[in-house]
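**Student:** how would this look folded up:
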Amino acid sequence: MDKRTTLALLLMAALLMIYPAIFMRQESEKHPPKTESPAPTSGAKPSVPASPPPGSAAAATPPPKEAAPVPERATVVETPLYRAVIVSAGGRVDGWELHYRGDKPMVVPGMLMSRGLSVLRAGQPPRAVPFALSTEKVVPTAGGGAELTLTGEDGFGLKISETLRFRSDSYVVEHQLKVENRHNVAQSAEVVLAWTAPIEVPKDTPEKFLGQHPIRVVRLAEGSVHRELLAKTTEFSGPGQWIGLESEWYLTALIPRSPGFLIAESKLAETRQDAPKPVEFSQVAVRVPISALQPGQAWEGQLESYIGPKEYDRLKAVGAGLEKSIYFGGFPIPQDYGGLPMEWLVVPILWVMHRFYVYTHNYGIAIILLTVITKVLFFPLTIKSMTSMRAMQALQPQVNALRSKYKSDPQRLQRETMELYRTHKVNPLGGCLPMVVQIPIFYALYVALSVSVEIQNAPFICIGHLFGVDLWICNLAVHDPTYILPILMGISMFVQQKMTPVMGDPRQAKMMLFMPVVFTFMFLNLPAGLVLYWTLSNVLQIAQQKYMEHIGKKDQKAPARATKRA
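**Tutor:** Residues are numbered from 1 along each chain as shown. Here you go, the predicted structure:
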């Protein structure tokens, strides 16, 4: 290729770049594109297509129309449930401290962060809207609410207003958005409200309370809940009911309430001076593409955000299926793999436990009452199981004799054994089936205590503190610092196993006596609420076995007394 050809190509490329910037802009100013919607007023709500028509003049970025600089300001929101700080840069939530069983900072720089409201345009970086705040302090009235109004421009002629409504009795914040085109050309842009959390938590930032660090992205779309670990965040954008960042006990969620909103998740990386490599974040957002917004035309929409504990009743009251963020699991395998959903069983148990707490004001006592009621309800099944096990134990010598006699003929041994059971009217499964029926209930109790955020910082028998150590159980959500309760659980389990009738190989029964030791070590670091439930369950089982032994001795003495009288 000679020099003239190269020069010609460069001139054509320059012409292609300069022509749209000069002539197409003049054309769009002289002849605004026609749309199907009528001439709007400032309060009209035009339809919002998913994306602008390709190649249209409406999608072109207008020349910058910089707004007057807005001074950096902050507004403090004080409610009985939380204290929040809203800053003017994008209306970002700069602080959110829950007043929930202690003061708990949810929003922490570098951890869970609000990105605020930004405007996205083709070929432009995201622009955080500099807002002017209507007041410096917001205090909702008791049982009522209060508002904070944010107004600003994106620098291209879009005036954006965001009204935040706070209530004194709710963790939900209502967002009323209004986008007005103040430029003299039609505009297309995308408004985004986002939250982020780091995929890897720095080792030098331990949790200040259980569940402070988000661990998953969760969203409700097309009627089903999708959960992903932060490290496995995917690129997603589409319609949905809500999206959020969650731990086991806390949730930060964005909930669209108007048509046109999309929910989205993505990964992003940021370079920091204090980090040797880019820090990866997982981002959740709601976004709304606004296409062909004519001069003077306005778009309005509503959404909500929730930042708080995962209390089932409170989440359900939001009315967007937000209670599905609590994962109850499945039985006997996870629900995602075909297991039976446990929600139908766990939710009533949570309801009963919370009703007990209303009257006792102690979740430890509520757990005890719940365990006692469960044992009482299943006592008839326990009696049937114990009776069958003792009958099997009485036949054990004869079964062992049959094993010795027919050890070389397994089929004959099986026939003779079943004939022996039929003769004495003993069901070999009678000791197991009643226990199998109870397993889903006991598992549901375990799940209910595992997901219940209400037991955080809830004391049971809290004597006090000594050298920074709780003297007995001052928080049912953490392990017993004195390890007294796990040891009592191991002892109760050992006694229960010693009292259980021995069936089968006696050597296996001796091996089972090591199980209490294994379980004791497993329970050392489990939440005290779970250990309390398990310990009391063992104690009640021992009491039921003692009762059965007492009844059995009475039944044995009755024929002897009758013979003596005769």
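**Student:** isn't there a strand covering residue 407?
**Tutor:** No - assessed with DSSP: H, G, I helix; E, B strand; the rest coil, residue 407 is coil; it does not lie in a strand.
**Student:** quick one: it from residue 417, how far?
**Tutor:** Here residue 407 is placed at a distance of 12 Å from residue 417 (CB to CB, to the nearest Å). For glycine as for every other residue, the C-beta is placed from the backbone atoms N, C-alpha and C.
**Student:** Of those two, which one has the most company?
**Tutor:** residue 417 (17 against 9; other CB atoms under 10 Å).
**Student:** CA atoms of the helix or strand where that one lies as CSV?
**Tutor:** Residue 417 belongs to helix 410-423 when assigned by DSSP states H and E. Presented in CSV, the C-alpha positions along helix 410-423 are these (Å, rounded to 0.1, in the frame of the first residue of the first chain):
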residue,chain,number,x,y,z
PRO,A,410,-28.8,-67.9,55.1
GLN,A,411,-32.2,-68.5,53.5
ARG,A,412,-33.2,-71.1,56.1
LEU,A,413,-32.0,-68.7,58.8
GLN,A,414,-34.1,-65.9,57.5
ARG,A,415,-37.3,-68.2,57.3
GLU,A,416,-36.8,-69.5,60.8
THR,A,417,-36.2,-66.0,62.2
MET,A,418,-39.3,-64.6,60.6
GLU,A,419,-41.3,-67.6,61.9
LEU,A,420,-40.0,-66.9,65.4
TYR,A,421,-41.1,-63.3,65.2
ARG,A,422,-44.6,-64.3,63.9
THR,A,423,-45.0,-66.9,66.7
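**Student:** Now find how far off-centre it is within its chain.
**Tutor:** 53 Å (CA atoms, centre = their mean, to the nearest Å).
**Student:** What's the mean pLDDT across it?
**Tutor:** Average pLDDT, helix 410-423: 85.
**Student:** Let me see the mean pLDDT of the next helix or strand after it.
**Tutor:** Sequence-wise, the next helix or strand downstream of helix 410-423 (DSSP H and E) is helix 433-451. Helix 433-451 comes out with an average pLDDT of 79.
**Student:** Likewise for stretch 543-553?
**Tutor:** pLDDT averaged over stretch 543-553 gives 79.
**Student:** Distance from that stretch to the middle of the chain?
**Tutor:** That offset, for stretch 543-553, works out to 44 Å (CA atoms, centre = their mean).
**Student:** which parts of it are buried?
**Tutor:** Buried positions in stretch 543-553, judged by neighbour count with 16 or more other CB atoms under 10 Å: 544, 545, 548.
**Student:** pull the CA atoms of the host helix or strand of residue 307 into CSV?
**Tutor:** Following DSSP H and E, one finds residue 307 within strand 298-309. In CSV, the C-alpha atoms belonging to strand 298-309 read as follows (Å, rounded to 0.1, in the frame of the first residue of the first chain):
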residue,chain,number,x,y,z
ALA,A,298,-40.5,12.7,32.6
TRP,A,299,-40.4,9.1,33.7
GLU,A,300,-41.4,7.9,37.2
GLY,A,301,-41.0,4.6,39.1
GLN,A,302,-41.0,3.1,42.5
LEU,A,303,-38.8,0.5,44.2
GLU,A,304,-37.9,-0.5,47.8
SER,A,305,-34.8,-1.6,49.6
TYR,A,306,-34.6,-3.8,52.7
ILE,A,307,-31.6,-3.8,55.0
GLY,A,308,-32.2,-5.9,58.1
PRO,A,309,-32.5,-9.3,59.9
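**Student:** Run me through the strand neighbours of it, direction for each.
**Tutor:** Here strand 298-309 is paired, per DSSP bridges, with strand 172-181 (antiparallel), strand 250-256 (antiparallel).
**Student:** Return the most buried member of the ones you listed.
**Tutor:** strand 250-256 (a mean of 26; mean count of other CB atoms under 10 Å).
**Student:** Can you list the neighbours in contact with that one?
**Tutor:** 106, 112, 193, 195, 211-212, 214, 218, 240-246, 262-263, 284-286, 301, 303-310, 315, 318, 320, 322, 325, 453 (CB atoms under 8 Å, 6 or more residues apart in numbering).
**Student:** Can you name the element that comes right after it?
**Tutor:** That would be, after strand 250-256 and using DSSP H and E, strand 262-270.
**Student:** Put the alpha carbons of that following strand into CSV.
**Tutor:** What follows is strand 262-270 as a C-alpha-only set of coordinates in CSV (Å, rounded to 0.1, in the frame of the first residue of the first chain):
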residue,chain,number,x,y,z
LEU,A,262,-34.7,-5.2,35.7
ILE,A,263,-32.7,-7.0,38.4
ALA,A,264,-29.0,-7.6,37.6
GLU,A,265,-25.9,-9.2,39.1
SER,A,266,-22.3,-9.0,37.9
LYS,A,267,-18.7,-9.1,38.9
LEU,A,268,-16.5,-6.0,38.9
ALA,A,269,-12.9,-5.3,39.8
GLU,A,270,-11.4,-2.2,41.4
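**Student:** coming back round to it: among the strands paired with strand 298-309, which is nearest residue 145?
**Tutor:** In terms of CB to CB, the element of the strands paired with strand 298-309 nearest to residue 145 is strand 172-181, at 8.4 Å.
**Student:** So which elements touch the very next helix or strand once past that closest one?
**Tutor:** Sequence order places strand 187-198 as the next helix or strand after strand 172-181, per DSSP H and E. In terms of contacts (3 or more CB pairs under 8 Å, 6 or more residues apart in numbering; DSSP states H and E), strand 187-198 is packed against strand 113-120, strand 158-167, strand 172-181, strand 242-246, strand 250-256, strand 279-293.
**Student:** Can you give the strand pairings for strand 187-198, parallel or anti for each?
**Tutor:** strand 113-120 (antiparallel), strand 279-293 (antiparallel).
**Student:** Could I have the CA atoms of the first one written out in PDB?
**Tutor:** Included here for strand 113-120 are C-alpha records, laid out as PDB according to Å, rounded to 0.1, in the frame of the first residue of the first chain:
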ATOM      1  CA  MET A 113     -21.300  -1.000  50.300                       C
ATOM      2  CA  SER A 114     -23.900   1.100  48.600                       C
ATOM      3  CA  ARG A 115     -23.000   2.400  45.100                       C
ATOM      4  CA  GLY A 116     -25.900   4.800  45.200                       C
ATOM      5  CA  LEU A 117     -27.800   6.000  42.100                       C
ATOM      6  CA  SER A 118     -25.900   6.400  38.800                       C
ATOM      7  CA  VAL A 119     -26.700   7.100  35.200                       C
ATOM      8  CA  LEU A 120     -25.300   4.800  32.400                       C
END
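**Student:** how far is the next helix-or-strand element following that strand from where the chain is centred?
**Tutor:** Counting by DSSP H and E, the next helix or strand C-terminal to strand 113-120 is strand 127-128. Computed by CA atoms, centre = their mean, the separation of strand 127-128 from the middle of its chain amounts to 30 Å.
**Student:** Show me what strand 127-128 is in contact with.
**Tutor:** Taking CB under 8 Å, 6+ apart as the rule, strand 127-128 contacts 89, 90, 92, 115, 116, 117, 118, 119, 120, 121, 154, 155.
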